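K.L.:
pasting the sequence and the predicted coordinates here, then a few questions.
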Amino acid sequence: MQPEPALIIEESPNNLVTAKDAQLDITLDQLKKLVSPRALTGENMLLNMGPQHPSTHGVLRLLLELDGETVINCIPDIGFLHTGIEKTLESKTYTQGIPLLDRTDYLAPLINNLAFCGAIEKLMEVEVPIRAQYIRVILAELTRMNSHLVWLATHALDIGAMSMFLYCMREREMLLDVFECVSGARMMSSYFRPGGLWRDVPSTFEPLVRKVLEVFPGRIAEYEKLLKENPLWKERTVGIGVISAADAINYGMTGPCLRGSGVNYDVRKAMPYSSYDHFEFDVPLGTNGDVYDRYRCRVEEFNQSLRIIKQALDKLPAGPFVTDDRKVAPPPKHEIGYSMESLIHHFKLWTEGFRAPEGEVYFAVESGKGEYGILLSSDGSSRPRRVHIRSASFSSLQTLPQLSKGCLIADIVAVAGSIDIVLGEVDR
Amino acid sequence: MSDLINIPDGLVSKTDVFRGEVTLNVTRENVIALLTHLRDEQKFDMLTDETCVDYHPREPRFGILYQLYSVSRNTRVRVKMMLSEHDAVAPSATGLWKNANWMEREVYDLFGIHYEGHPDMRRILLPNDYVGHPLRKEIPVAVEENQFSFNRERVDAGKIYVTE
């Protein structure tokens, strides 16, 4: 008869438990709810993965319960990148808050700006000039491509396709050049303002975007040649991390993860904002909801983004780039010289900021990861009472325990990569 | 827009429409019944967001906001429940939507609101030994000072600069 295995978990003096291969920062009672009894006796292994693991895409920590190489339980631990952005926003004026939003989903900063400005515009009932809306669409789609490029680069690198990383990062430079030309910053661009844009786009903007439109289709075909029918790639992705449509909706998954399961929900189509209804594009859908289908959805979105950018650039109208509502947007600099009223508006906007009416609005946009929403609560002053950031990654990451249950430890890397998380917007 | 949502009498205390968004105000006793009705009868199958707003110094002070979306109807609705500071306990919606789990943990972590019936009520963003709930309005925005030789004592004493 085998002797009864001893409890390998020890309680430390501060009531937190430690196991042989994992430092845990939870109490024994909490741990018992999360893992199976076999883990407590040492028959299953508790293994720590992250927060410094390169395949967890940032500072994500996973506590794994393993039986051999099979994952029994996966417990994500987040918060390592929590910087209190929501709290800080409460002490800033609306305009001052915009650069902070860049730091949430740092791979798609302009889409975050668009959500925040859109929420303010909805609350203040501000009309955005059509030229500004089209430029916003072009830049948002370039940002989506930027987000997908970094995703494809790191996801393929995780699975072992090293060259994809180099190719995608090479193409990303072209997009960063566009952001630099409009805003002066490559990554933290903060270019959108409530009511429009910071300034009009420079003359170098259109040639740079035309170059993107010219070069990208060939490069995407190159990626397709490398991965689409690659047997090694398919071996690692087809049938892995499957989630059904009903489960994905119940988990609040959005974006390519939800569309990979065949649910046609894209905020750009469902509730068009910033003139997205002026452009023709398709929403790529998957069928199986596995890692491969999510990959297909994102790569197809490259082509759709290029389509939108081409239409917007061809139709780009002339006109003002920011609203003429002086309560929200500052007057042109030259007006300050001769107009007393403009001087007052300028002074009020840069000292106190504008006051928003009391109330709550929710404004959502489609970011690279899914639905990125801003819940804005105003108390009537020039600073928000509360800004809540509804990030797609926060909801999608919750599916990881279900997706990885029963798969091999190496597949966790593929699954975590395929739901495309950015820890900046998970932890905020 | 509000006529699309037919609610049985007595569940909702007040319906607000602001900027085209419908908000259903509900008491704590009725919130789970209302959410179940919205999910099962009205096809609001996705919990987009669940969060808290601190209306200090108003009393009751905390507003729990549920942002629901219906994929088939393409409609949003918001459910709002007010909670008093002295009785900040809410029923958990984890039985209805799985992603309520982390969202409620976040509200607990940042606002100190307890959820009854939640399977795993612990902090999520902040470390386990953190004291207090920082998104409450009485907690000021503070900065941690860098320690140099001239301010060594002050930083060691744990004094913080408060902005605003």
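P.N.:
Arrived safely.

K.L.:
so where's chain A uncertain?
P.N.:
A:1-24, A:54 (pLDDT under 70).

K.L.:
number of residues surrounding A:I120?
P.N.:
The local packing of A:I120 (other Cβ atoms under 10 Å in any protein chain shown) involves 26 other residues. (Glycine included, C-beta is placed from N, CA and C.)

K.L.:
what is the neighbour count of the residue found closest to A:P331 once you drop the neighbours it is linked to in the chain?
P.N.:
Nearest residue to A:P331 in three dimensions, chain neighbours excluded: A:S342, at 3.9 Å (Cβ to Cβ, 6 or more residues apart in numbering or on different chains). Neighbours of A:S342 under the rule other Cβ under 10 Å: 18.

K.L.:
in a strand, A:S342, correct?
P.N.:
No: the assignment for A:S342 (DSSP: H, G, I helix; E, B strand; the rest coil) gives helix, which keeps it out of a strand.

K.L.:
check contacts around it.
P.N.:
Counting by Cβ atoms under 8 Å, 6 or more residues apart in numbering or on different chains, A:S342 makes contact with A:R326, A:P331, A:E335, A:I336.

K.L.:
and those, which of them are buried?
P.N.:
Neighbour-count burial (16 or more other Cβ atoms under 10 Å in any protein chain shown) is assigned, among the contacts of A:S342, to A:R326, A:P331, A:I336.

K.L.:
quickly name whichever of those residues is closest to A:G241.
P.N.:
A:R326 (51.8 Å; Cβ to Cβ).

K.L.:
got a list of what the nearest residue to the closest one once chain neighbours are set aside touches?
P.N.:
Among residues not flanking A:R326 along the chain, A:H345 sits closest, at 4.5 Å (Cβ to Cβ, 6+ apart). Neighbouring residues of A:H345 by Cβ under 8 Å, 6+ apart: A:R326, A:K327, A:P330, A:P331.

K.L.:
so which of the residues you listed is the closest to A:V59?
P.N.:
A:P330 (38.1 Å).

K.L.:
name the helix or strand for the closest one, please.
P.N.:
Assigned by DSSP states H and E, A:P330 falls within no helix or strand.

K.L.:
what is the burial count for it?
P.N.:
Number of residues near A:P330 (other Cβ under 10 Å) recorded here: 19.

K.L.:
what do you get for A:D200?
P.N.:
17.

K.L.:
one more: A:G97?
P.N.:
Residue neighbour count, defined by other Cβ under 10 Å, stands at 22 for A:G97.

K.L.:
distance of it relative to chain B?
P.N.:
Separation of A:G97 from chain B (Cβ to the nearest Cβ, to the nearest Å): 13 Å.

K.L.:
quick check on that residue: phi, psi?
P.N.:
Backbone geometry at A:G97, expressed as degrees, to the nearest 10, gives phi -70, psi -20.

K.L.:
do the same with A:L47
P.N.:
Torsion angles, degrees, to the nearest 10, at A:L47: phi -130, psi 140.

K.L.:
which residues does the nearest residue to it once chain neighbours are set aside form beta bridges with?
P.N.:
For A:L47, ignoring the flanking residues on the chain, the nearest one in space by Cβ to Cβ, 6+ apart is A:L64 at 4.6 Å. With DSSP bridges as the criterion, A:L64 is bridged to A:L47, A:C74.

K.L.:
thinking A:L64 is in contact with A:A410, fair?
P.N.:
No: with contacts counted by Cβ atoms under 8 Å, A:L64 stays clear of A:A410, the gap being 11.9 Å.

K.L.:
neighbour count winner among the two?
P.N.:
A:L64 (23 against 14).

K.L.:
if we take the contacts of A:H345, which one ends up nearest to chain B?
P.N.:
Ranked by distance to chain B (Cβ to the nearest Cβ), the contacts of A:H345 are led by A:K327 at 17.1 Å.

K.L.:
measure how buried the closest residue to the closest one other than its chain neighbours is and give me the count.
P.N.:
Excluding its sequence neighbours, the residue lying closest to A:K327 (Cβ to Cβ, 6+ apart) is A:F354, at 5.5 Å. Neighbourhood size, A:F354 [other Cβ under 10 Å]: 21.
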